[in-house]
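# pasting the sequence and the predicted model now:
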Amino acid sequence: MPASSTEAQVRPGVESDLDSLTEIYNHYVRETAVTFDTSVFTPEERRPWLLSHPEDGPHRLMVATETDLSGRDGERVLGYATSSPFRAKPAYGTSVEVSVYLRPDAGRRGVGTLLYKALFEALAGEDLHRAYAGIAQPNEASVRLHERFGFRYVGTYREVGRKFGRYWDVSWYEKEL
């Protein structure tokens with residue numbers, strides 16, 4: 001679908017988004033090295049992930065939508081941004097890992113920017129110190145998005161993941177919150 005003149009809206013994710021969010025994520029599982037998951041998920045398998053991102057607190061799920069021009073569903077999910085635990089140990093509690101995933105036809109429309117703007121506004125009152133983003137390389141669009149939001153490069157894990165028969169580097173970026 002070509003870029004629409006309909007402006008995207010951003011809101012917290014809800015359980016009724018689960019099918020669309022799973023479909024978006026599974027595209028990246030099947031087609032890219034953006035995620036190192038190698039098997040697609042059912043919505044039911046993704047439910048614990050969705051439920052781990054409530055509407056408040058440091059671990060959020062923001063969803064971008066637009067009016068569904070087909071008139072079927074009212075709105076269409078364009079993508080999502082999350083802040084998730086950085087690591088499981090308690091001392092990491094003031095750090096989050098952030099990510100953005102867009103429907104393949106929603107790129108280059110500013111949706112990722114809208115999502116991160118809403119996510120970081122929502123996190124502003126939380127007891128957080130740093131946000132981290134791991135970006136599988138190469139991914140210039142993601143690097144540009146993160147740098148636009150003040151992330152700075154801190155290092156690269158070389159050949160840390162193997163997918164599609166080859167090894168991939170992951171560059172890490174951090175942002176003060």
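Happy to help now that I have it. Residues are numbered from 1 along each chain as shown.

# and residue 144, that one's in a helix?
Yes - Residue 144: assigned to a helix according to DSSP: H, G, I helix; E, B strand; the rest coil.

# now do the helices in this structure.
Secondary structure of the chain (DSSP state H): helices located at 18-31, 43-51, 111-123, 140-148.

# what's the mean pLDDT across the longest one?
Across helix 18-31, pLDDT averages out at 98.

# okay, the angle between that helix and helix 43-51?
Orientation note: helix 18-31 sits at an angle of 110 degrees relative to helix 43-51 (axes from the mean of the first three to the mean of the last three C-alpha atoms, to 10 degrees).

# can you pull the buried residues of helix 18-31?
18, 20-22, 24-29 (16 or more other C-beta atoms under 10 Å). All C-beta spots, glycine's among them, are computed from the backbone N, C-alpha and C.

# centroid-nearest residue for this structure?
Among the residues of the chain, the one closest to the centroid is residue 100, at 2.3 Å (C-alpha atoms, centre = their mean).

# quick check: that residue touching residue 145?
Yes - under the criterion of C-beta atoms under 8 Å, residue 100 makes contact with residue 145 at 6.8 Å.

# shared neighbours, the two?
112, 116 (C-beta atoms under 8 Å, 6 or more residues apart in numbering).
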